[in-house]
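J.: Need the 3D shape of this:
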Amino acid sequence: MWLSEANKTEERVTSMANIILAIESSCDDTSAAICADGKILSNVIASQAIHEAYGGVVPELASRAHMQNLLPTVNAALKKAETELGKPLSFTDLNAVAFTQSPGLIGSLMVGCSYAKSLALTLNIPLIGVHHMQAHVLANLLSDPAPEFPFLCLTVSGGHTQIVLCHSPLNMEILGETIDDAAGEAFDKTAKLIGLPYPGGPLIDKYAQSGTPKFALAEPQIPELNFSFSGFKTSVMYFLQKQNKENPNFIGENLNDICASIQHHIINILMKKLVKAVKQTCIKNVCLAGGVSANSGLRNAFKAAGEKHRFNTFIPEFQYCTDNAGMIAITAYHQFLAEKFENLSVSPSARAEWGK
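T.: Alright, predicted model coming up:
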């Protein structure tokens, strides 16, 4: 334990409710959450609309926005938690403060890290650094009912695509991952190819619901449980170039079917690997996580695969699918119980491996 006043810390840790403030600032959403004994009392998210004009996240603008949004977001999380508790709640009631340590945009991570370190030092409470992808997986523990261990988790986000075997909250093993681009990036980049604004992934999902997946696109054949989406993006680009030469209005006339086809193939790639992992491990509790798990087509396909192949499916609520501090809080809670703390020399990391 890194704290200098051991007696004071012991008094806090053994208090009736272990209250943790969690900060998430890995990309372009500023979020704060309050967790009491593993129960999420508040989960406040402040999004940054400024990036839409640039077609993607601008790191420097994201960092500045985090600096503007962090204090109001934390105060809102405390106020909402007060309502849930039915009694006043202040910073002095906190037993620990947690933050996203990695991975993410380094400038954005530094904002959350600096705030958390300052608060931990001021209050003399434990500091907990959380891996963003581990938190996405453990967001499933906020489901009702929650999955029992061991379970598999397909984690799909803008930067990661992984199949994870979870033995316990703090013991995870990556069985497969993308060797190049992530599924979330494939959604956004192909959306850009057809002229949709950023973020394009949700728009593909929206238009796909009115379309038919009638266009054939390449699905890279990658060994074992790994993924690849770079070749798929190239396939979409060449397909559109060919069709536009024959009909300059092709995209406008076939937008819904194009989106349905893109979504169908990305989901098909994901589901084939997940079903293969279920068969290899014989594990019947299977979870979905990450920002792309909010995609309606993926959620439906995941549930259908569970029914067909007889495994139990778990998906977090929408508020815990995208980047949020609630998932950081539940992960920090388990690290708190294990006394897995950081010292004040800790620094954020843009890329950090885990589960290996």
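
J.: Is it correct that residue 35 falls within a strand?
T.: Yes: the assignment for residue 35 by DSSP: H, G, I helix; E, B strand; the rest coil puts it in a strand.

J.: For residue 69, see how far away it is.
T.: Using C-beta to C-beta, to the nearest Å, residue 35 is found at 20 Å from residue 69. Where C-beta positions appear, they are placed from N, C-alpha and C, glycine not excepted.

J.: the more surrounded of those two?
T.: Applying other C-beta atoms under 10 Å to residue 35 and residue 69 shows that residue 35 carries more neighbours, namely 30 against 21.

J.: Residue 334 is in contact with the more buried one, correct?
T.: No: contact criterion C-beta atoms under 8 Å: residue 35 and residue 334 do not qualify, at 10.5 Å.

J.: okay, and for the protein, where does confidence drop off?
T.: 1-16, 48-56, 355-356 (pLDDT under 70).

J.: Which stretches in it count as helices?
T.: 6-13, 59-85, 106-123, 132-138, 183-193, 201-208, 230-246, 250-253, 255-281, 296-309, 325-337 (DSSP state H).

J.: is it possible to export those to a markdown table including distance to residue 39?
T.: Conversion of the helices of the chain to a markdown table gives the following (distance: least, C-beta to C-beta, whole Å):
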| stretch | distance to residue 39 |
| --- | --- |
| helix 6-13 | 17 |
| helix 59-85 | 9 |
| helix 106-123 | 21 |
| helix 132-138 | 14 |
| helix 183-193 | 29 |
| helix 201-208 | 29 |
| helix 230-246 | 40 |
| helix 250-253 | 48 |
| helix 255-281 | 30 |
| helix 296-309 | 25 |
| helix 325-337 | 9 |
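
J.: do you know which of the ones you listed lies nearest residue 170?
T.: The stretch from these with the least distance to residue 170 (C-beta to C-beta) is helix 325-337; that distance is 5.9 Å.

J.: just checking, what packs against that closest one?
T.: strand 19-24, strand 29-36, strand 39-47, strand 96-102, strand 127-131, helix 132-138 (3 or more C-beta pairs under 8 Å, 6 or more residues apart in numbering; DSSP states H and E).

J.: Dump these into CSV; add distance to residue 177 as well.
T.: CSV is the format used below for the helices and strands packed on helix 325-337 (distance: least, C-beta to C-beta, whole Å):
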stretch, distance to residue 177
strand 19-24, 22
strand 29-36, 23
strand 39-47, 26
strand 96-102, 16
strand 127-131, 14
helix 132-138, 10
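
J.: Pick out the residue closest to the middle of this structure.
T.: Centroid-nearest residue in the chain: residue 290, 3.6 Å away (criterion: C-alpha atoms, centre = their mean).

J.: Extract the CA atoms of stretch 189-209 and return them as PDB.
T.: The C-alpha coordinates for stretch 189-209 follow below in PDB (Å, rounded to 0.1, in the frame of the first residue of the first chain):
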ATOM      1  CA  LYS A 189     -13.800   4.100 -42.400                       C
ATOM      2  CA  THR A 190     -16.300   2.400 -44.700                       C
ATOM      3  CA  ALA A 191     -18.900   4.900 -43.700                       C
ATOM      4  CA  LYS A 192     -16.600   7.600 -44.800                       C
ATOM      5  CA  LEU A 193     -16.100   5.900 -48.200                       C
ATOM      6  CA  ILE A 194     -19.900   6.200 -48.800                       C
ATOM      7  CA  GLY A 195     -20.000   9.800 -47.700                       C
ATOM      8  CA  LEU A 196     -21.500   9.500 -44.200                       C
ATOM      9  CA  PRO A 197     -20.400  12.000 -41.600                       C
ATOM     10  CA  TYR A 198     -18.400  11.100 -38.400                       C
ATOM     11  CA  PRO A 199     -19.000   9.000 -36.500                       C
ATOM     12  CA  GLY A 200     -20.300   6.800 -39.300                       C
ATOM     13  CA  GLY A 201     -20.700   3.500 -37.500                       C
ATOM     14  CA  PRO A 202     -24.000   4.300 -35.900                       C
ATOM     15  CA  LEU A 203     -25.300   5.700 -39.200                       C
ATOM     16  CA  ILE A 204     -24.400   2.400 -41.000                       C
ATOM     17  CA  ASP A 205     -26.500   0.600 -38.300                       C
ATOM     18  CA  LYS A 206     -29.400   3.000 -38.800                       C
ATOM     19  CA  TYR A 207     -29.500   2.700 -42.700                       C
ATOM     20  CA  ALA A 208     -28.800  -1.000 -42.600                       C
ATOM     21  CA  GLN A 209     -32.100  -1.600 -40.800                       C
END
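
J.: List the buried residues for it?
T.: Residues 189-194, 196, 198-205, 207-208 are the ones in stretch 189-209 that count as buried (16 or more other C-beta atoms under 10 Å).

J.: With stretch 146-166 instead?
T.: Going by 16+ other C-beta under 10 Å, stretch 146-166 has these buried residues: 146-147, 150-166.

J.: Same check on stretch 222-234?
T.: Buried residues in stretch 222-234 (16+ other C-beta under 10 Å): 222, 225-229, 232-233.

J.: so which of these comes closest to residue 250?
T.: residue 233 (18.2 Å).

J.: quick one, what contacts that closest one?
T.: For residue 233, the contact set (C-beta atoms under 8 Å, 6 or more residues apart in numbering) comprises 181, 186, 189-190, 193.

J.: and those as a markdown table, adding distance to residue 134?
T.: Formatted as a markdown table, the contacts of residue 233 follow (distance: C-beta to C-beta, whole Å):
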| residue | distance to residue 134 |
| --- | --- |
| 181 | 21 |
| 186 | 23 |
| 189 | 26 |
| 190 | 28 |
| 193 | 32 |
